[in-house]
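A.B. asks: sequence first, predicted model second:
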Amino acid sequence: MTADKTPVARLTPQATGTYLRNAWYVAGWSDDLAETPQQRTFLEEPVALFRDGEGRANAVSGRCPHRFAPLGHGSMADGTLVCPYHGLRFDRTGACVHNPHPGGQLPDVQLQVYPLIERHALLWIWMGEAAKADADLIPDFSWLSDPEWEAVRGATVAEGHYELYSDNILDLSHANFVHPALVANAFTEGERKFWQEGENVFAEYVRPDDFLSVGISAVMGTEGRRQDFYGRVKWHAPAVLYFDFRAGDPGMPYDDCTLLPSLHAFTPETPDTTHYFWATARDYRLGDGAFTAMMRGALEYAFEQEDMPLIRDSHRLMRGQDFWALRPVILGGDGAGVRARRMLQRLIDREQQQDPE
Amino acid sequence: MTADKTPVARLTPQATGTYLRNAWYVAGWSDDLAETPQQRTFLEEPVALFRDGEGRANAVSGRCPHRFAPLGHGSMADGTLVCPYHGLRFDRTGACVHNPHPGGQLPDVQLQVYPLIERHALLWIWMGEAAKADADLIPDFSWLSDPEWEAVRGATVAEGHYELYSDNILDLSHANFVHPALVANAFTEGERKFWQEGENVFAEYVRPDDFLSVGISAVMGTEGRRQDFYGRVKWHAPAVLYFDFRAGDPGMPYDDCTLLPSLHAFTPETPDTTHYFWATARDYRLGDGAFTAMMRGALEYAFEQEDMPLIRDSHRLMRGQDFWALRPVILGGDGAGVRARRMLQRLIDREQQQDPE
Amino acid sequence: MTADKTPVARLTPQATGTYLRNAWYVAGWSDDLAETPQQRTFLEEPVALFRDGEGRANAVSGRCPHRFAPLGHGSMADGTLVCPYHGLRFDRTGACVHNPHPGGQLPDVQLQVYPLIERHALLWIWMGEAAKADADLIPDFSWLSDPEWEAVRGATVAEGHYELYSDNILDLSHANFVHPALVANAFTEGERKFWQEGENVFAEYVRPDDFLSVGISAVMGTEGRRQDFYGRVKWHAPAVLYFDFRAGDPGMPYDDCTLLPSLHAFTPETPDTTHYFWATARDYRLGDGAFTAMMRGALEYAFEQEDMPLIRDSHRLMRGQDFWALRPVILGGDGAGVRARRMLQRLIDREQQQDPE
C-alpha cells in the first residue's frame, strides 16, 4: 500500500516489437531496489524485481499465474515475494513456496526467472535464454560504483522507440541545437569520427582550443577559458552507451584532462516507450551537495525537458512506420547511429535464425 | 449545463464483449436520479436515465436518432426527456412527442426502451428482451430501503472486466492481503465452503473465536475482543452479490450476532470498464453522522484505493486475452468464482442459442 | 524552448479520412504567427508554419526528412526554418539551404510546400495541388481586417469530426437549447430558409418583433426591447462559414440594423479532432476593452463549454461509423447541413475522379 505502485503498462495480446533477447538490459538502479519489490515492463513483458532474504536482487515474471496480479506490487516475507492479491509466495527460482490458504497445497507453477546481475550500481537483466546469460558481457561502468567518483543520475520512462534514444546519443551534433544552455558548438564543428569494433560502435568528437558552454564550464570550473575537448561515445547492443567527455587547458595531455563519464542506457518498455537510465560522474568536489544538485538539475533538464519531448514528437511523426521505410536522409553525423542500427538488426536476425520460435 | 456531464465512453463500432442480456443489472442508486437525467453506458450501449412527470424512473437509448446527441445530458420538460442539442422530446415509451421546430412534425422514430425497475433503493435495468423482464427475478436487497438499517454506499466506474470484480468478492481470502487495515486472517484461515443452488453461487467463511481487524472491530464496537465470525456471499448472475457478514461473542447464537449486510453490484460499461455499486448497512448507531462517515471512509478506501488498482492492473496484465486461455492456476479459494464464471457462461450460451442474432 | 510546443498529434500510418484537398482551409490567425514557427496537423499531415525574412507566412511539411523532428518546433535564422534537432535549415521553397555540420553538404531533399495566403487576418492553407491554388477562391472576410470593425476571436482544437462542427452552425436552431444564456428562441421559432447557390449553401432565419436573449441584448445594447432579427449563414466548402447576424428596432430597414458578423472555420486535424477558428466583430464601442472582454468571454463560453462537449459526445456516440450509415432522422432544420454534406461529398468525389491516386 506504499511507494511505487504506478499502473502497469497497457499491453497488446502479443508483443508487437522484435527485440534482441540474449542481451543485458538495464533494469534499474541497484539501490532503488530495497525492501519493496518493483513492477516493471521490459520488452513488453511484465517483470517483478525483488531482493530475497540474502539481499540478492532477482527478477521473475511480474504476473501471478493465479489471478494475474502484478507480483511486483506485492511485498516480501521470509525472503520470498508475496503476491499482493491472495498471498501466494514465490522464491527466487520462481517456485511457489507458500500457499497461505486452507490445505496450503502448493500449486505446480513456475514463474519465468530472468537472470539478474547487480553490477556497477545497476541491475542488469537478461531477457533471453538463461543458459546464455554471461556476466562477462556486461559493459564496464565501474566508475558508477567507485567511491572516487560521485555520480548524479536518473531513471524515467520516456515516450518513443528506444533506438531513437540511442541514435540521440550517437549523434551528439544535436546538442548544439537541443541543449543551447549546456553545450557549445564543439560537437557540431569539431572533428568527428565514427567506427565499429567487434559488436561495438563508436563516435568521437575532438575540438581543440574552443570555448565550452556556460553550463559545462560551470561544472568543470573553466568559465571563460578556452579548452581542448574530447568526446567519445561507445555503444553496446542493444542500447547501452558510455559517453566519455574530457576537457583540459589547450595542449594538456589527454590523460590529464578532466573526465566526466556518463551512462545512457535504454531499455524498451513497449515499442512506443523506453526506460531511460542516465548518470554523469565527477572525481572532484566530492560530497559538495549544492554542486551535485546543480549538476543533477542541469542534466535532468537537458534529458527530460529537451531531449525527451523532441524524441517523443519525432516518434509520433514516424506514425508507427519502420525507420528505413521512411527513407531518412542520412547526414555525416549519422555514421554511428546507422552502424548501430545495422549491427542491432544483424544481431537480432542472427538470434532469430538460431532460435526460431 | 449543470451537474454530471462527464464525457461519454469511447466505444467501438460494434460491441466487442458478449453479455448476458436477459438479466437485471444495477443502473444506479435510486435517489441519485432526481430531476436531472443521466447518461450512462451499459454493455457498450448508451443509455439515458430519467424520471418522468409521475416520478417514475425510465431508461431509453442514450443517443438521439437525429444528431446522435447524448439524451442523458438533456433536461426534462413536462415529464419528457428533452434532447440537449435540438430539443426533440421523448416520452417513457421512447416515442418522440414534441418537435419544437417550425411545423413541429414528429419524426417517426422510436428509442429503444429498457425495462427499469426501482427497488431496494436501486435502479435495475434489463438489457435484453423486454417481454422477458420479470421483476420477481430482482434479488432481495430490501435492507437497502429498510429504515431500520442505515447504509453507506458508493458508485464509481472502475477499470477492469466485471467478472474480475465479482471474482474478487467471491474469493474473500484476498481481504487479508489487500485490505490489511480492515480485515483479519479469518477469511484466509477460517473454514470455507463453496456451492451452487439453482443459478446462484455461494461462498461461506466461518471462523470462531478469533480477533477481527482493528477496522471491523471499530465498526462493530468489539475492539480487543475475540469474536465468532460468519461470512456468506451469494452471487446472482451476471454480477450482483450479497455479502452477509456476522460476528458475535464466542458461542453467541448465529441469529443474535451483529449483521453487516453488503451489496456489491457490477455492471459492465465496456469490456475494460465496470460500474461498481456498493453498500454496507448497520442496524445500530442509526443517525450517528460521524460514525457513518468513518464507516463510509473505511469502505470507500478499501474498494477504491485497494481493490480497484489491483484489479485494474490484473486486467491489464491479461492483455485483452480470454481468462481461460491464460490457463489460470486454480486454488481452493476459487471454488465460488469458477462456479460463477461457468454458470454465467452457460446462461450466455443458452441465451444465444435461444436468440441467435 | 519557448512558447507553443504542445505534443504533436498521434497519427495512424496512413490517413484514415478522405478530404477535399483542393480547397482553402484556415491554418491560423495571421498575427498569432510571429517569429516563432508553429507545428500543426491538418488533414492528418504535419505542417510547419513560419515567417521568412520578408515576413511572409509559409507552410511546409512539418516533419524533417532527416530524423523526423517537428520542424514547426524549430526556430528561425536568416529567414529560414531551422530544424530543432540537428539544425538543418529550409527555405520557403522547401529546399534545404544550410547544413551546419562538417562539410556542410546540402542533402538533396525537398519539403512539401503548401500554398499559404495571408488574407483577412487569417492564414489560408491549400492542402492539394499547388497549381490549382487560386487566391480568388478565398471567401471574403474582409471585416476581420477592417479597422472599422473590432473582432473577438479564438482558436482551439476540438474533439469531433469537422462536419459535425459545420452542421452545428448550419442548424442554428440548436442555439436555443445549447446556449440558453446567449440566444433566445428566434432561431427555433423564426421563419427559416435553406438553399444552395453554386457551391455555397445558405441558411436564413428571420424573426420580427421578438426579444433577443439577455446575452445578445447586452452585446447589442437593446436590453428589454423587442427587435427584428435576421440571421444568415453562408457555407463554403469544405467547412468555412460566415454568419451574418443583424437586429434592429421593429420595422427598421434591414440595412440599418446592427450587424454582428461572425466567422466559424473548421479545419480537420484528424478524423476525430478539428481546429476551430471563430470570430465575431462589432462596429461600435471600438476600443472598449471591458466590453470586448465581456463579448469574448460570452462567445468563448458558448463555443468551448457548450458546443464542443456536446459535439464531442455526439461524435463518440457515432462510434466511428459513417454518418449516413447511421440513418439519421432528418428534420426541417437540417436543410442546410444536408445540402452542405452532399455538396462536399460531390466535390470530393469529383476531385478523386480527376486525381485518382
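C.D. replies: Here it is on my side, so go on. Numbers count the residues shown, from 1 in each chain, chains lettered A, B, ... in the order given.
A.B. asks: and chain A, which of its residues are near chain B?
C.D. replies: A:1, A:5, A:7-13, A:39, A:46, A:62-63, A:65-70, A:73, A:82-88, A:99-103, A:105, A:107, A:109 (CB under 8 Å from any CB of the partner chain). For the C-beta atoms, the positions are set from N, CA and C on the backbone; glycine is no exception.
A.B. asks: please pick the buried ones from those residues.
C.D. replies: Buried members of those, scored by 16 or more other CB atoms under 10 Å in any protein chain shown, are A:5, A:8-9, A:11, A:39, A:46, A:62-63, A:65-70, A:73, A:82-88, A:99-101, A:109.
A.B. asks: element containing the residue in the stretch 51-200 of chain A that chain C sits nearest to, please.
C.D. replies: Nearest residue of the stretch 51-200 of chain A to chain C (CB to the nearest CB) works out as residue A:177 at 4.6 Å. If you go by DSSP states H and E, residue A:177 is part of helix A:175-178.
A.B. asks: what packs against that helix?
C.D. replies: Packing contacts for helix A:175-178, counted by 3 or more CB pairs under 8 Å, 6 or more residues apart in numbering or on different chains; DSSP states H and E, involve helix A:186-189.
A.B. asks: what residues does chain A have near chain C?
C.D. replies: Residues of chain A lying near chain C by CB under 8 Å from any CB: A:164, A:167, A:171, A:173-174, A:176-178, A:180, A:188-189, A:191-192, A:306, A:309-310, A:312-321, A:326-329, A:331-333.
A.B. asks: buried among those? Make that a PyMOL selection.
C.D. replies: Buried members of the residues of chain A next to chain C, defined by 16+ other CB under 10 Å, are picked up in PyMOL with:
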select buried, chain A and resi 164+167+171+173+174+176+177+178+188+189+192+306+309+310+312+313+314+315+316+317+318+319+328+331+333
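A.B. asks: got a list of what residue A:118 touches?
C.D. replies: A:30, A:56-57, A:124 (CB atoms under 8 Å, 6 or more residues apart in numbering or on different chains).
A.B. asks: redo that, cut-off 10 Å
C.D. replies: If a contact means CB atoms under 10 Å, 6 or more residues apart in numbering or on different chains, then residue A:118 has A:27, A:30-31, A:33, A:51, A:55-57, A:124, A:145 as its contacts.
A.B. asks: same deal with residue A:29?
C.D. replies: A:121-123, A:144, A:153-155, A:277, A:279.
A.B. asks: again, only using 7 Å
C.D. replies: The contact partners of residue A:29, by CB atoms under 7 Å, 6 or more residues apart in numbering or on different chains, come to A:121-122, A:153, A:155, A:277.
A.B. asks: three-state assignment of the residue lying closest to residue A:79 once chain neighbours are set aside?
C.D. replies: Among residues not flanking residue A:79 along the chain, residue A:53 sits closest, at 2.5 Å (CB to CB, 6 or more residues apart in numbering or on different chains). Secondary structure assignment for residue A:53 (DSSP: H, G, I helix; E, B strand; the rest coil): coil.
A.B. asks: and if you look at residue A:108?
C.D. replies: Judged by three-state DSSP, the three-state class of residue A:108 is coil.
A.B. asks: please apply the same query to residue A:66.
C.D. replies: Classification of residue A:66 by three-state DSSP places it in coil.
A.B. asks: these two touch, right, it and residue A:84?
C.D. replies: No: judged on CB atoms under 7 Å, residue A:66 makes no contact with residue A:84 at a distance of 11.5 Å.
A.B. asks: longest helix in chain A, by number of residues?
C.D. replies: The residue-count maximum for a helix in chain A (DSSP state H) belongs to helix A:335-354.
A.B. asks: convert that one to PDB, retaining C-alpha atoms only.
C.D. replies: Output in PDB follows, covering the C-alpha atoms of helix A:335-354 (Å, rounded to 0.1, in the frame of the first residue of the first chain):
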ATOM      1  CA  GLY A 335      27.700   7.500 -39.100                       C
ATOM      2  CA  ALA A 336      27.400   5.900 -35.600                       C
ATOM      3  CA  GLY A 337      23.700   5.700 -35.400                       C
ATOM      4  CA  VAL A 338      23.400   3.900 -38.700                       C
ATOM      5  CA  ARG A 339      26.100   1.500 -37.800                       C
ATOM      6  CA  ALA A 340      24.400   0.700 -34.500                       C
ATOM      7  CA  ARG A 341      21.000   0.200 -36.100                       C
ATOM      8  CA  ARG A 342      22.600  -2.200 -38.700                       C
ATOM      9  CA  MET A 343      24.500  -4.000 -36.100                       C
ATOM     10  CA  LEU A 344      21.500  -4.400 -33.900                       C
ATOM     11  CA  GLN A 345      19.500  -5.700 -36.800                       C
ATOM     12  CA  ARG A 346      22.200  -8.200 -37.600                       C
ATOM     13  CA  LEU A 347      22.300  -9.400 -34.000                       C
ATOM     14  CA  ILE A 348      18.500  -9.800 -34.000                       C
ATOM     15  CA  ASP A 349      18.500 -11.600 -37.300                       C
ATOM     16  CA  ARG A 350      21.200 -14.000 -36.100                       C
ATOM     17  CA  GLU A 351      19.400 -14.700 -32.900                       C
ATOM     18  CA  GLN A 352      16.200 -15.400 -34.600                       C
ATOM     19  CA  GLN A 353      17.800 -17.800 -37.100                       C
ATOM     20  CA  GLN A 354      19.400 -19.600 -34.100                       C
END
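A.B. asks: quick one: mean pLDDT for that helix?
C.D. replies: Mean per-residue pLDDT for helix A:335-354: 96.
A.B. asks: just give me how far it sits from the chain centre.
C.D. replies: 18 Å (CA atoms, centre = their mean, to the nearest Å).
A.B. asks: contacting residues around it?
C.D. replies: With CB under 7 Å, 6+ apart as the test, helix A:335-354 has contacts from A:18, A:20-22, A:163, A:166-167, A:170-171, A:194, A:196, A:199, A:201-203, A:233, A:235, A:237-238, A:330.
A.B. asks: which helix or strand contains residue A:293?
C.D. replies: helix A:289-300.
A.B. asks: CA atoms only: put that helix into PDB for me.
C.D. replies: Output of helix A:289-300 as PDB, limited to C-alpha atoms (Å, rounded to 0.1, in the frame of the first residue of the first chain):
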ATOM      1  CA  GLY A 289      25.800  18.700  -2.100                       C
ATOM      2  CA  ALA A 290      24.900  22.100  -3.700                       C
ATOM      3  CA  PHE A 291      27.300  21.400  -6.600                       C
ATOM      4  CA  THR A 292      25.800  17.900  -7.000                       C
ATOM      5  CA  ALA A 293      22.300  19.400  -7.000                       C
ATOM      6  CA  MET A 294      23.200  22.000  -9.700                       C
ATOM      7  CA  MET A 295      24.800  19.300 -11.800                       C
ATOM      8  CA  ARG A 296      21.800  17.000 -11.500                       C
ATOM      9  CA  GLY A 297      19.400  19.800 -12.300                       C
ATOM     10  CA  ALA A 298      21.200  20.800 -15.400                       C
ATOM     11  CA  LEU A 299      21.400  17.200 -16.800                       C
ATOM     12  CA  GLU A 300      17.900  16.300 -15.800                       C
END
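A.B. asks: just checking, what packs against the helix or strand that comes right after that helix?
C.D. replies: Once helix A:289-300 ends, the next helix or strand along the chain (criterion: DSSP H and E) is helix A:308-317. Helices and strands touching helix A:308-317, as assessed by 3 or more CB pairs under 7 Å, 6 or more residues apart in numbering or on different chains; DSSP states H and E, comprise strand A:150-159, helix A:162-170.
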